[in-house]
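S.K.: The following comprises the amino acid sequence and a computationally predicted model.
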Amino acid sequence: QNQTSADSSGEDFSNNEFLLRVAVFSALWVCLYALAIRVPLPEFKLNNGASKPSPTKHSTIANQNQKTEEKLASANVLKRELLSLKDKRDIQNRLVSMVHGLFLFISSACYLYELSDETVNASSKFGEFVMTVSLGYFVYDLVLMQMNGLLESSMLIHHIATCVGYYFCVSQNVCFYQCFLTIFCFESSNFAMHLRAILRHLGLRHSKAYETSE
């Protein structure tokens, strides 16, 4: 009976239609990125809490420098460093990633809430839709990071493994429950991770917002 259901699911699955839907959602993520580019970003980043080397008792010059910095801070004269184009592109990309993370977190929570352990491998149009949208995002993100020079080997492996996993779940109609359980666990911390990265780019590593997101 299991073999019959697996064969029927394979017949119902259309590879061309699935890839077309992935391409459409990838284009929608590109449109969202185009909106993120329009988000105004500061030209300079604020180093408002950079760690200072603690002076030794024999370091008179360090003590003088520390006093000078304290005077500058009290006069609200802050050191500013130019926010690079690469940092801006990373911030804009992470804004889209935060939207994707929230979408997956909420969707996986709804999926797990509605399903019981008896429907581990059950077919779900909602689950297939969520995975297709997410797969479109990973394709978009992979191409965009390569274009912006942000793609690292670890991210390449992560994105390819995720795409293969999504494709296997949808094409074979299996492991939806396990996949959404994994998504829920990982995406629960992704929003805060992207927020911390954005704050670091803006020079707010020692801000209250950064500490709260930790």
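M.R.: Okay, I see it. Keep in mind that this is a model prediction, so the values were computed, not measured.
S.K.: Surely residue 81 is within a strand?
M.R.: Yes: inclusion of residue 81 in a strand is indicated when DSSP: H, G, I helix; E, B strand; the rest coil is applied.
S.K.: how far away is the residue lying closest to it once chain neighbours are set aside from residue 150?
M.R.: The shortest distance from residue 81 to any non-neighbouring residue, by CB to CB, 6 or more residues apart in numbering, is to residue 45 (5.4 Å). Bear in mind the C-beta positions are built from the backbone N, C-alpha and C, glycine included. Distance from residue 45 to residue 150, counting by CB to CB, to the nearest Å: 17 Å.
S.K.: Which of these two has more residues huddled nearby?
M.R.: Set residue 45 next to residue 150 and count neighbours by other CB atoms under 10 Å: residue 45 wins out with 21 against 14.
S.K.: This structure: strands as residue ranges?
M.R.: 44-46, 80-82 (DSSP state E).
S.K.: quick one: pLDDT of residue 83?
M.R.: For residue 83, the model assigns a pLDDT of 82.
S.K.: Next: residue 98.
M.R.: Taking residue 98 on its own, its pLDDT is 95.
S.K.: Quick one: neighbours of it, just the number.
M.R.: The number of residues near residue 98, taken as other CB under 10 Å, comes to 18.
S.K.: which one is residue 33 nearest to, not counting chain neighbours?
M.R.: Closest to residue 33 by CB to CB, 6+ apart is residue 96, at 5.1 Å.
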